[in-house]
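J.: Mind looking at a prediction? Sequence and model below.
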Amino acid sequence: MKLVVVGAAGRMGQTLIRVIRQTEGVRLSGAVERAGSPFIGRDAGELAGIGMLNVAIRDDPLPVFAEADGVLDFTVPAATVEFAGYAAQARIAHIIGTTGCAPDDEAAIAAAARHATIVKSGNMSLGVNLLGVLVRQAAAALDEDFDIEIVEMHHRHKVDAPSGTALLLGEEAASGRGIALDEHSVRVRDGHTGPRPNGAIGFATLRGGSVVGEHQVILAGEGERIALSHLAEDRTIFARGAVKAALWAHRRKPGLYSMLDVLGLEGR
Ligand SMILES: NC(=O)C1=CN([C@@H]2O[C@H](COP(=O)(O)OP(=O)(O)OC[C@H]3O[C@@H](n4cnc5c(N)ncnc54)[C@H](OP(=O)(O)O)[C@@H]3O)[C@@H](O)[C@H]2O)C=CC1
Ligand SMILES: O=C(O)C1=N[C@H](C(=O)O)C[C@H](O)C1
């Protein structure tokens with residue numbers, strides 16, 4: 001399967017290029033960065049530290065997509081929406097790891113999924129997706145006497161909050177409780193907040209250093225507390241998940257899928 005990496009010079013872009021090189025059944029056919037990037041024209045393999053791959057980084061996605069079977073996209077929301085349109089035009093699989101998408105972005109991506117096979121997830125790792133299933137089960141088993149709080153920590157460069165993973169875990173908790181997350185989430189607390197609303201799902205965000213990604217879901221009751229957590233030690237776990245998603249999506253009918261579909265965890 002021929003794969004394009006967009007955002008090829010980024011933290012995830014470079015990790016994806018290394019993982020593609022190590023994975024049977026896939027090869028890097030193209031690499032894209034934004035127009036004006038200092039990395040345009042550089043060899044994608046050299047930049048990722050694995051030696052020449054003879055794939056130059058380009059700033060014209062459409063012809064690059066036309067020669068590929070799938071695109072791996074860990075960039076920024078505006079770019080992802082644009083890439084979704086191009087992937088739909090080229091009828092190739094689009095694997096989206098980008099987080100921080102606004103409702104309008106999500107709507108544009110859903111529209112593109114009428115023509116393209118899109119897999120989108122706030123976290124592509126096996127561990128976090130399994131954690132999501134466990135969180136849903138725990139939230140379903142316990143009533144509102146257990147307060148749900150989600151704590152996340154990431155590196156100092158991260159630009160969106162709460163993280164895509166924290167929101168994914170919040171959705172799973174809400175689904176276990178049979179409620180809508182956006183009607184119950186408390187994303188910020190500051191000053192005289194008053195007591196905690198019953199049934200709220202709270203979020204707390206920490207940023208610093210080089211932390212790859214840490215998430216904890218706490219279910220706090222009277223006199224006892226359950227904590228379910230995931231620690232990402234290496235970005236390779238996300239890249240492996242994305243490549244797995246691309247292989248799963250190849251020649252599958254258009255639609256918007258999640259990592260739960262890819263991993264066979266949907267409905268578990
Ligand atoms: N779902 C998951 O499993 C994971 C998701 N993520 C998410 O992936 C995204 C990227 O993370 P990370 O790699 O750390 O971020 P980086 O900033 O390191 O990488 C993003 C790359 O995308 C490039 N880019 C920006 N605009 C465009 C464009 N129009 N065309 C092509 N390339 C573009 C950036 O270039 P420039 O810097 O020049 O603007 C940069 O090289 C984030 O949203 C993050 O939350 C991260 C890890 C796992
Ligand atoms: O920006 C990151 O680095 C990460 N982003 C994703 C998120 O927002 O949850 C996934 C992972 O935690 C790393």
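T.: Structure received. Ligands and ions are numbered 1, 2, ... in the order given.
J.: Tell me the first helix or strand C-terminal of the strand or helix carrying Ile95.
T.: For Ile95, the enclosing helix or strand under DSSP states H and E is strand 93-96. Tracing the chain past strand 93-96, the next element assigned as helix or strand by DSSP H and E is helix 103-112.
J.: what about the strands in the stretch 101-250 of the chain?
T.: Ranges of strands within the stretch 101-250 of the chain are 117-120, 147-154, 185-186, 201-207, 213-221, 224-232, based on DSSP state E, counting those that start in this stretch.
J.: What pairs with the fifth one, parallel or antiparallel?
T.: Here the strand partners of strand 213-221, with direction, are listed using DSSP bridges: strand 147-154 (antiparallel), strand 224-232 (antiparallel).
J.: how many degrees apart are it and strand 201-207 in direction?
T.: With axes from the mean of the first three to the mean of the last three Cα atoms, to 10 degrees as the criterion, the two stretches strand 213-221 and strand 201-207 enclose an angle of 150 degrees.
J.: Next, the buried residues of strand 213-221.
T.: Buried residues in strand 213-221, counting neighbours by 16 or more other Cβ atoms under 10 Å, are found at Gly213, Glu214, His215, Gln216, Val217, Ile218, Leu219, Ala220. C-betas here are computed from N, CA, C, even on glycine.
J.: I'd say Val76 and Thr99 touch.
T.: No - taking Cβ atoms under 8 Å as the definition, Val76 is not a contact partner of Thr99, at 9.5 Å.
J.: Comparing these two, which shows the higher neighbour count?
T.: Regarding Val76 and Thr99, a neighbour count based on other Cβ atoms under 10 Å identifies Thr99 as having more, with 24 against 18.
J.: Find the nearest non-adjacent residue to that one, please.
T.: Taking Cβ to Cβ, 6 or more residues apart in numbering, and ignoring the residues beside it in sequence, Thr99 has Gly164 as its nearest neighbour in space, at 3.1 Å.
J.: Around ligand 1, pick out the residues from the stretch 151-268 of the chain.
T.: Listed as neighbours of ligand 1 in the stretch 151-268 of the chain under the rule Cβ under 6 Å from any ligand atom: Gly164, Phe238.
J.: how does it look with 5 Å?
T.: Phe238 (Cβ under 5 Å from any ligand atom).
J.: Can you pull out the low-pLDDT segments for the stretch 151-268 of the chain?
T.: Under the criterion pLDDT under 70, no range of the stretch 151-268 of the chain is flagged.
J.: How are the helices of it distributed by residue range?
T.: Residue ranges of the helices in the stretch 151-268 of the chain, as given by DSSP state H, counting those that start in this stretch, are 164-177, 181-184, 236-249, 259-263.
J.: so can I have JSON lines of those helices showing mean neighbour count and distance to ligand 2?
T.: Compiled in JSON lines, the helices of the stretch 151-268 of the chain are given as follows (neighbours: other Cβ atoms under 10 Å; distance: least, Cβ to the nearest ligand atom, whole Å):
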{"stretch": "helix 164-177", "mean neighbour count": "23", "distance to ligand 2": "3"}
{"stretch": "helix 181-184", "mean neighbour count": "14", "distance to ligand 2": "15"}
{"stretch": "helix 236-249", "mean neighbour count": "23", "distance to ligand 2": "6"}
{"stretch": "helix 259-263", "mean neighbour count": "21", "distance to ligand 2": "11"}
